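1. heads up, no residue letters with this:
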């Protein structure tokens, strides 16, 4: 029996879940019509296209992610840290009957310091009541989210993926660099260098210098660059090395992060399924609305 339809609506695609009585995933679907390519009036039709047969029974819909952004279906204002599923549930917006959109989460010391939409739902799905740890969500804008007793305490965003792409495609340093992933030794060298010395802009230039000197195989240059940027991210991350860390991301990128975290001395690292975390988080938020 379908209890809830959960939607994780990202910028470039969406993931839909048919959830059962205990929040278990009975069926999952994906669609390339992300929030970034839609006008507000298009969201209802995409929802019906993707999950219309699930909705025929009249079950509720719980949405997280960019559908709640200012340019999305309808804006769901941010909730400030610390925030748990009950705080998110209290601030949902309902664009139509039976459909709720969860808010994002923001960090503020004095003003708006950092924001996220979607990752917060994964975090409260990954760490339940009484559970603590750190969720790392690699990507264009990587998130490090600290959770204590099931509530998001703080987080930090790193533009690691975007910077990596920019250096490879729009700089002299990155001209002609191959796709990464073939040279673990070069990646490890980059991670260790960034962990030992925070002068990342100087090290970026060394990607070119090391190739000129023969100290870096051009085929491993992208992996060295990847290691440098990931090492810099880890060095600045708000997490103790003894923290329980869960990585939520694509298989290849998650493996790279796990390798980098091990080099940095993190002792408790696991890779978690992002879809499962999102579905569980959507169900927990929805359950708090009752």
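-> Arrived safely. In this text the structure is predicted, and so the values were computed from the model without any measurement.
2. Check the burial of residue 212 by counting its neighbours.
-> If you count neighbours by other Cβ atoms under 10 Å, residue 212 ends up with 8. C-beta: built from backbone N, CA, C; applies to glycine.
3. do residue 8 as well
-> With other Cβ under 10 Å as criterion, residue 8 counts 26.
4. And the nearest residue to residue 283 once chain neighbours are set aside, how far from residue 79?
-> Distance criterion Cβ to Cβ, 6 or more residues apart in numbering; nearest residue to residue 283, sequence neighbours excluded, is residue 23 at 3.4 Å. Distance from residue 23 to residue 79, counting by Cβ to Cβ, to the nearest Å: 21 Å.
5. Is it correct that residue 252 falls within a helix?
-> Yes: looking at residue 252 with DSSP: H, G, I helix; E, B strand; the rest coil, it is inside a helix.
6. Contacts only, for it.
-> For residue 252, the contacting residues are residue 181, by Cβ atoms under 8 Å, 6 or more residues apart in numbering.
7. so what's residue 127 closest to, chain neighbours aside?
-> Leaving out its chain neighbours, residue 127 is closest to residue 147 (Cβ to Cβ, 6+ apart), at 4.3 Å.
8. distance of the nearest residue in space to residue 142 that is not next to it in sequence from residue 273?
-> Once flanking residues are discounted, residue 142 sits nearest to residue 158: 4.6 Å by Cβ to Cβ, 6+ apart. Using Cβ to Cβ, one gets 22 Å for the distance from residue 158 to residue 273.
9. Looking only at neighbour counts, state which of those two leads.
-> A side-by-side neighbour count of residue 158 and residue 273, using other Cβ under 10 Å, places residue 158 first with 21 against 14.
10. That one contacts residue 233, doesn't it?
-> Yes: with contact defined as Cβ atoms under 8 Å, residue 158 and residue 233 form a contacting pair (4.5 Å).
11. what sits in contact with each of the two?
-> Joint contacts of residue 158 and residue 233 (Cβ under 8 Å, 6+ apart) are residue 142.
12. what pairs with residue 4 across the strands?
-> Note on residue 4: beta-bridge partners residue 19, residue 60, judged by DSSP bridges.
13. Quick check: the gap between it and residue 40.
-> From residue 4 to residue 40 the distance is 23 Å (Cβ to Cβ).
14. which of those two has more neighbours?
-> The neighbour comparison of residue 4 against residue 40 (other Cβ under 10 Å) goes to residue 4, with 20 against 14.
15. so how far is stretch 141-159 from its chain's centroid?
-> 10 Å (Cα atoms, centre = their mean, to the nearest Å).
16. Now it: average pLDDT?
-> Averaging pLDDT along stretch 141-159 gives 97.
17. in that stretch, what counts as buried?
-> Burial within stretch 141-159, assessed by neighbour count using 16 or more other Cβ atoms under 10 Å, is assigned to 142-147, 150-152, 155-158.
18. what comes into contact with that stretch?
-> By Cβ under 8 Å, 6+ apart, stretch 141-159 touches 81-85, 87, 105, 107, 114-116, 119-120, 123-124, 126-137, 140, 160-162, 233, 236-239, 243.
19. run the last query once more with 7 Å
-> 81-84, 105, 107, 114, 116, 119-120, 123-124, 127-137, 160-162, 233, 237-239 (Cβ atoms under 7 Å, 6 or more residues apart in numbering).
20. quick one: the strands in the stretch 101-250 of the chain?
-> 105-107, 114-116, 133-137, 142-148, 151-158, 244-248 (DSSP state E, counting those that start in this stretch).
21. And the second one, what's buried?
-> Buried residues in strand 114-116, counted by 16+ other Cβ under 10 Å: residue 116.
22. Partner strands of that strand and their direction?
-> According to DSSP bridges, strand 114-116 has these partners: strand 105-107 (antiparallel).
23. The fourth one now?
-> Strand 142-148 has these partner strands in its sheet, going by DSSP bridges: strand 133-137 (antiparallel), strand 151-158 (antiparallel).
24. ok, so what distance separates residue 215 from residue 206?
-> Distance from residue 215 to residue 206, by Cβ to Cβ: 9 Å.
25. my bad, should have said residue 84
-> 44 Å.
26. For the two, indicate the residue with more neighbours.
-> The residue with more neighbours, out of residue 84 and residue 206, is residue 84; 22 against 19, by other Cβ under 10 Å.
27. and the lowest-mean-pLDDT helix or strand in the chain, what does it pack onto?
-> One helix or strand of the chain scores below all others by mean pLDDT, DSSP states H and E: helix 200-213, with a mean of 93. Counting contacts by 3 or more Cβ pairs under 7 Å, 6 or more residues apart in numbering; DSSP states H and E, helix 200-213 is packed against helix 184-196, helix 221-236.
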